[in-house]
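In: Return a 3D structure for these sequence lines:
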Amino acid sequence: MVLRTGESVVVGRFAAGDSIEELTSLLHRAYADHAVAGRVFFASYQSFQDTAHRLGKGECWVALRGNQLVGTVTVAVPFEVPQGYPAPAGAGAFWQLAVDPSLRGTGLGQRLLVLAEERVAALGAAQIVIDTSAEAVELLGWYCRRGYRPVGTWRWDVTNYESVVLAKELSAG
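Out: From the prediction side, this is the model:
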């Protein structure tokens with residue numbers, strides 16, 4: 001894909017031999033602004049082992065600019081949730097959507113979001129869910145402008161905030 005900057009980025013599956021450490025570093029960089037603002041997203045501090053564990057729960061996709069890892073998203077169908085989590089039954093999900101701070105505003109985040117939606121639909125789910133900090137007003141607005149709607153709230157034990165759970169109906173085909 002070509003970004004708004006004219007730079008080329010290649011998107012593909014995270015594969016055996018790819019660097020968990022590099023992926024974890026990208027997540028830390030991408031979520032650092034949230035941590036500075038007082039919103040401690042798990043991705044801002046997770047360990048290499050946590051990253052590997054989270055990757056094992058779904059399909060991880062990565063974006064490369066040359067040899068540099070600059071974006072990622074992980075998707076799963078079905079989405080295994082704790083009891084009481086307000087996700088629609090049978091929904092798929094995505095997490096660890098991250099773009100290197102140097103590429104914000106280039107369309108890469110939007111492309112990774114579309115990829116997540118396409119993969120969740122291809123894996124058989126009619127809805128997709130995500131949750132994010134209720135305090136991350138700009139991020140909530142970004143999702144809502146892309147068709148996501150709040151369906152409830154949740155409090156994870158690895159963050160310091162209440163999350164808004166958002167869902168979107170996916171198009172068939």
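In: now the chain, which segments are flagged as low pLDDT?
Out: Regions of the chain meeting the criterion pLDDT under 70 cover residues 172-173.
In: okay, now residue 13: neighbour count?
Out: When neighbours are defined as other Cβ atoms under 10 Å, residue 13 has 10 of them. In short, each C-beta sits where N, CA and C put it, glycine included.
In: Same question for the one 4 residues further on.
Out: Burial measure for residue 17: 5 neighbouring residues, criterion other Cβ under 10 Å.
In: Is the residue most central in space within the chain within a helix or a strand, and which one?
Out: By Cα atoms, centre = their mean, the chain has its centre lying nearest to residue 97, at 2.4 Å. Using DSSP states H and E, residue 97 sits within strand 92-99.
In: for residue 62, same thing?
Out: Counting by DSSP H and E, residue 62 is found in strand 59-65.
In: Tell me the strands beside the next helix or strand after that strand, with direction?
Out: With elements assigned by DSSP H and E, the helix or strand that comes after strand 59-65 is strand 68-76. Under the criterion DSSP bridges, strand 68-76 sits next to strand 59-65 (antiparallel), strand 92-99 (antiparallel) in its sheet.
In: Would you confirm that residue 53 belongs to a strand?
Out: No - Residue 53 is assigned helix when assessed by DSSP: H, G, I helix; E, B strand; the rest coil, not a strand.
In: ok, residues contacting the strand holding residue 62?
Out: 7-14, 18, 23, 69-76, 96, 99, 103, 108, 111-112, 115-116, 119 (Cβ atoms under 8 Å, 6 or more residues apart in numbering).
In: Which residue ranges of this protein form strands?
Out: 10-13, 59-65, 68-76, 92-99, 127-133, 149-154, 163-169 (DSSP state E).
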